[in-house]
Structures are given as C-alpha cells and as structure tokens.
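Engineer: Here is the input, now give the coordinates:
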Amino acid sequence: MAFSPYKGHVAVVLLAICITAILNQILPLTIPLVFDDALAHHHPDHLFFYSAIMIVATLLASLISVVQTYLSNIIGQRVMRDFRSKLYAHLQDLSLHFFTSMRAGEIQSRLSNDVSSVQNSVTDTFTNSLVNFVNLLCTVIAMFYISPLLTLLSFSLLPPFLFFSFKVGNTGRASTKAAQQSLATLNAIMQDTLSISGVLLIKLFGRKKFAREQFEAENRRLARLSIRQHMVGRWFFMSVGAFSLIAPVLLLTLGGWSVIYNPSFSHITIGDLFAFIALQERFFGPVRQLLVLQVNVQSALAVFDRIFEYLDLPIEVQDAPDAIHLTPAEARGEICFKHVSFSYRKDKLPLLGSPEEGSSQDKAMAPSASIPEVEAAPASPEEFTRSATLRDISFHIRPGQLVALVGPSGSGKTTITYLISRLYDTDEGSVEIDGHNVKGIAVESLGELIGVVTQDSYLFHATIRENLLYVRSNATDEEMIAATKAAAIHDRIITLDEGYDTMAGERGYRLSGGEKQRLAIARVLLKDPRILILDEATSALDTHSERLVQAALKPLMQGRTTIAIAHRLSTILAADLILVLDKGEIVERGTHQELLEYGGLYATLYNQQFVSQEQESTTA
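Structural biologist: Numbers count the residues shown, from 1 in each chain. As a prediction, this is how the structure comes out:
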C-alpha cells in the first residue's frame, strides 16, 4: 500500500482529525447552555464561562487543524514522490517493444500530467475524506443527543443526493479520461513538431500550416472536453448547496412550530433548536464535501486507469534471482550464439509493435542475385511465420576479434546486437558471454560490459563535459582529455567558445555529424567496455568525416571484442570474421578474401561498391 511507509504520520493525522472533530462539537453543544441556562436564568458568570469554553475549543481546533494539514501534505507529497519514482523506474525496466510502439510525448504526458492530475486526490481527497467522515460521525452523535426525531428527518433527504452523486461521478470519470487522452495527444504533437528534428522537417518541407492546423484541431478538442469535464455535475452541486442553505430555514420553521404549539412532543427547547441548526450546517457541510469528493475520486480513477495501464505492463527483461555481475576487468569478451531464434511478435506485449530493422542506408543494400543458403538450418512454415527476424543463428566470437555483420535491411543485424545487450530476450537458443548465458548476467552488469556507437549517436542538451562524463561520472579531467585526444576531437573542443563547458545543443545539433560521432567514440573510450558494438558508425558521414571517425575507432577497437554492422564495406575489410545475413539467417561466413572467392552476396555488394567506383575513376 502506498501509505504503508508512513504509518506513524498517518496515525498522528488520524488522531489530530479525531481531536479536531470532537472540539468542533463543543461550540454547538454549548449553545443550549447559553440560551437555557445563562440567558434564561440571567447568569452572566455562566455566560462568560461558556463563551470562554467555545473560544478556547475553537482556537485549539484551528491550531491542531494547521498541524494536521501540514502532516497530511507531507504524507501526500511523499506518496506522490514514491509513485512518480515507481512509474519512472517501471518505464525504465520495460523493453524496447514498449518504446517503439509509443510516442515519446504520450509517455511523458502520463508521467507528468496524469500523475499531477491525481496528486490532489492523494494529497487532499484522502485527508478531506477522513476529516469530513469523522466530523460527520461526531455531528450525527451530537444531533441524536439533542433530537433523534430531527436527526432522522435530516437523514431522509440524503438518498436522492447519494444516487445522483454516483451518476455524476461516473459521467465525470468518462469525461476526465477523454480529456487526459486529448492532453496526451496534444503533448505528443508538441514533442514531435517542436523538437529540433521536427522543426527542421516542418521548415524544410513547408509544412508549418499543416502543423498549426493539426495542433489547433487537437487544442480545440481539448478545450471542449475540458469544459465538459469541469461542468459535469455543476447543476447537481448547485442543488446540494442550495438545499444545505434552505434546510436550516425549514428546520427552524418546523422546530419553531413544535416549540410553540407542541413542546411535549419533541421535547425541544429554544436552545436545543439553535444548537441543532448549528449542527445541521456541520452535518450538511461534510455531506456536501463527501459528495463532491466522490465525484472527484471518480474523475481521478480515470487517470489512475491510464497510469496503471503502464504499471501493469510486464517487465520482459529482468534479472534472474541468481544473476551474476560480470565486470569489464573480469570479462574476456567471448561471445557465442547457439541456435538463436527471435521474432518481434505482437503478442509479446499487448500495446507494442515491432521496430523497423536497420537504418535507412541499409535499404540500399538489397541483393542483386539469389544467394544459396550456407550453414542455415531449414525451418518449416509452422515453426516460423513471416514475422520471424532471426532463425537458428549460431556463431562464435573469440576474445579480441573484430566481427562484421553485413546484409540487407531487415536481415537481423541490429537485432543480433540487441540480443547481446539483452534489450530483448531470445525466443529459442542462447546468447553467451564468456560461457554465461546473458539471461543469467545482471542487466546493469551487461551495460557496463558493452559500449555502443550508433549511426546517430545521442547527445543530451548539456555541456560536452557532462555528455562525456555521463558514462563515468568519476572520471578525472586527465582521463577525459585522453579519451577525446584518442578520438581526435580534443583539438576541436578547445576551439569552442567555452571549451568542454560548451552546450552541445538538442541532440548535439551544435556539432557536425563527424564531431558528434567522434565525441560518442570518446565517451565509449572513457567508459572502457570489454565488448564494442559499432552500428553503422560511419555510414551517415562524408568521406573526410568518415576517415576521421575511422581513425578515431582504431584505438577504441584495440584489445576489445568488436561487432561492426557495416554498410560501407571499406570499414570491415580487415575483420577476422564476416557474417552475411539475409532474411534472418546467416547465409555466408568467412574473411573478406574467402567471401570474395565464394562469389555470393558479399562479393556482389563488394563489386557494387568498389569495382564500379574504380571504373568511374578510370573513365574520369
């Protein structure tokens, strides 16, 4: 339970609520004594005594109420803090299935807007419900003490209001859910169109009008839903409020008639009548608040439903109970795939779809000739559907080797690296590092063992220093500079206005593509992983930048097991082993020279990239 860690605070709050509720009854219960004793018998000393009691009780109740409110807010804010942390941690633990099927703006909206929307329910509704319930209980006891007949008469008016409050609450829940979904959509639109990538796309393609119309349409929808959400039950609550004001008049009329014409029937004195009127206001006040809170809780439940849609998602990749921690210093970097099969099936996670495999550059690598299958086990249609990505993949990488993955888009190259990093788990077979199944290695430990340089390396909107130290916060300036020098980026950094304290910009847009890549390489050098994955690290660069990055990669690859996904085959000519994939299977394997002699897919790709270039150079 969310409140379990704060049992002591909750107990103090409950005690304070009870004491405050009891003290609040002293004033109305003292009114009969003022009228029927002090005033009726002309006892001024009694009048001052009763007045002093009411003043002291009221001041003491107010003081305790302030303390109770303070403690309630502490509890509420800490519960919300824990709730946000739990949701954020759960999102971090979800696999890539989730993040490839959801828009970033939608996720952020649930973490910020939805959690903020239920904050009042946690911080205020819980406490107010207790306060009003205890006050109502104490008031009912005092009302029965003064007049059971008038109390039962007051109760008879409640059922219709309770019925309509639940009807209004259900309507409010549906309206709130629709409004929150619209707000999430609006946030997603803003996330897509106001990011640096989105702004560039809109400006370059002249789509500003379309973007504004899309935003305005959803903005208008949100406004309509918000109006409906806030107007739900307003007529009902107006009726409740009006009745709570009219009820004392009706009671005064009925009670006054009884005092004047039939005092023996109800045994009500004038003092009792005024006291009951005061108690009735204290009765209808909590009732009115509880009805409002019931409607608000129904609306909050709609937001809770959205939040728990995320919290209820299963964590696919998690540590085994006996998971081991393998440090970079202990690891040798041996990698072994044993009959691995994997597919991005939609039934693995209900809300998720499968990511697109490979980069845009990969799509230019379609084979020009049919390639015979080599070392690939046959699979029947019953065993693998068209959604299969990898089928019976087996290979062995010795420590320190450079292994290249080559193949057309969708062949499974990136997926292989995902399975090594355990971003996904295999459907069949096993992936091993140094003889240990990666499912038996702690996920955090795998993150320490493996370093990745991708085609579009991500940089935070922070300083260059902060981006470098993100992977190793305790690194010294000397170590950081050594890494940037090895990556051939130090000289460029010191020419910037603020050197290492220069802001990289959103996604590193203040730097060129080659500079971002060399900075990413320096970051991995600083991390010093045992296994290195290069996923199209140079494919998006011009020739000059590519040469600089390739030079920076040499010190990074020394002494490490390296897996390189390559579109430009010039980057992997010296690989110890080249694995050629097609349709989720390894169709060729060998060194550069062996594959050229084989004359298959790799040779075709090589001829397309190099022989044609040589012919063009000769012609020129």
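Engineer: So for stretch 488-501, first residue to last residue, what's the gap.
Structural biologist: 18 Å (Cα to Cα, to the nearest Å).
Engineer: And that stretch, how far out from the chain middle?
Structural biologist: Centroid separation between stretch 488-501 and its chain, computed with Cα atoms, centre = their mean, to the nearest Å, is 35 Å.
Engineer: OK, contacts around Arg103?
Structural biologist: Ala188, Gln191, Asp192 (Cβ atoms under 8 Å, 6 or more residues apart in numbering). Every C-beta, even on glycine, is put in place using the N, C-alpha and C of the backbone.
Engineer: Go again with 10 Å.
Structural biologist: Ser109, Ala184, Thr185, Asn187, Ala188, Ile189, Gln191, Asp192 (Cβ atoms under 10 Å, 6 or more residues apart in numbering).
Engineer: So among these, where is pLDDT lowest?
Structural biologist: Comparing pLDDT over the contacts of Arg103, Gln191 scores lowest. The value there is 70.
Engineer: ranges for the helices of the stretch 251-400 of the chain?
Structural biologist: Remark: helices assigned in the stretch 251-400 of the chain by DSSP state H, counting those that start in this stretch are 263-266, 270-311.
Engineer: okay, those helices in a markdown table with distance to Gln77 and mean pLDDT next?
Structural biologist: Compiled in a markdown table, the helices of the stretch 251-400 of the chain are given as follows (distance: least, Cβ to Cβ, whole Å; pLDDT from 0 to 100):
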| stretch | distance to Gln77 | mean pLDDT |
| --- | --- | --- |
| helix 263-266 | 49 | 53 |
| helix 270-311 | 16 | 72 |
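Engineer: Figure out which of the ones you listed is closest to Ala504.
Structural biologist: With Cβ to Cβ, the closest approach to Ala504 among those belongs to helix 270-311: 30.3 Å.
Engineer: Show me which helix runs longest in the protein.
Structural biologist: helix 44-93 (DSSP state H).
Engineer: packing partners for the next helix-or-strand element following it?
Structural biologist: Remark: after helix 44-93, the chain's next helix or strand is helix 96-101, criterion DSSP states H and E. Counting contacts by 3 or more Cβ pairs under 10 Å, 6 or more residues apart in numbering; DSSP states H and E, helix 96-101 is packed against no other helix or strand.
Engineer: Return the set of buried residues in helix 96-101.
Structural biologist: Under the neighbour-count criterion of 16 or more other Cβ atoms under 10 Å, helix 96-101 has Leu96, His97, Phe98 buried.
Engineer: closest to Gly513 among those residues?
Structural biologist: Closest to Gly513, out of all of those and judged by Cβ to Cβ, is Leu96, at 24.3 Å.
Engineer: Phi and psi next, for the closest residue to the closest one other than its chain neighbours.
Structural biologist: Leaving aside its sequence neighbours, Leu96 sits nearest to Leu423 (Cβ to Cβ, 6 or more residues apart in numbering; 5.1 Å). Per-residue torsions, Leu423: phi -70, psi -20 (degrees, to the nearest 10).
Engineer: what number of residues lie near Leu423?
Structural biologist: 17 (other Cβ atoms under 10 Å).
Engineer: just His42 next, same as before
Structural biologist: Using other Cβ under 10 Å: His42 sits among 8 other residues.
Engineer: Ok, Leu71 next?
Structural biologist: 18.
Engineer: Retrieve the pLDDT associated with it.
Structural biologist: 85.
Engineer: What of Glu356?
Structural biologist: pLDDT, read off for Glu356, is 37.
Engineer: does Leu153 really touch Phe283, like I thought?
Structural biologist: No. Using Cβ atoms under 10 Å, Leu153 makes no contact with Phe283, being 11.5 Å away.
Engineer: which of the two has more neighbours?
Structural biologist: Neighbour tally, Leu153 and Phe283, criterion other Cβ under 10 Å: the higher count belongs to Phe283, 23 against 15.
Engineer: my guess is that one meets Phe144, correct?
Structural biologist: No. In this structure, Phe283 is not within contact of Phe144 by Cβ under 10 Å, at 11.1 Å.
Engineer: Spit out the residues that contact these two alike.
Structural biologist: Thr151.
Engineer: still on that earlier bit, in CSV: the contacts of Arg103, plus neighbour count and secondary structure.
Structural biologist: Putting those into CSV (neighbours: other Cβ atoms under 10 Å; DSSP: H, G, I helix; E, B strand; the rest coil) gives the following:
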residue, neighbour count, secondary structure
Ser109, 23, helix
Ala184, 21, helix
Thr185, 17, helix
Asn187, 21, helix
Ala188, 19, helix
Ile189, 19, helix
Gln191, 17, helix
Asp192, 17, helix
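Engineer: Would you agree Glu281 is in contact with Asn24?
Structural biologist: No. Using Cβ under 10 Å, Glu281 is not in contact with Asn24; the gap is 11.4 Å.
Engineer: who's more crowded, the two?
Structural biologist: Asn24 (20 against 15).
Engineer: can I assume that one is in contact with Asn132?
Structural biologist: No. Counting by Cβ under 10 Å, Asn24 does not reach Asn132; the two are 11.7 Å apart.
Engineer: Now Asp319. Nearest residue, chain neighbours left out?
Structural biologist: Nearest non-adjacent residue to Asp319, counting by Cβ to Cβ, 6+ apart: Ala442, 5.1 Å away.
Engineer: how about that neighbour, what does it touch?
Structural biologist: Ala442 neighbours (Cβ under 10 Å, 6+ apart): Gln318, Asp319, Ala320, Ala323, Ile324, His325, Leu326, Arg422, Glu448.
Engineer: Against Met102, how distant is it?
Structural biologist: Taking Cβ to Cβ, to the nearest Å as the measure, Ala442 falls 26 Å from Met102.
Engineer: For the helix or strand hosting Leu595, which helices and strands make contact with it?
Structural biologist: According to DSSP H and E, Leu595 maps onto helix 592-598. Helices and strands in packing contact with helix 592-598 are listed as strand 577-582, strand 585-590, helix 601-606; criterion 3+ Cβ pairs under 10 Å, 6+ apart.
Engineer: Quick check: mean pLDDT of the last one?
Structural biologist: So the one you mean is helix 601-606. Helix 601-606 carries an average pLDDT of 85.
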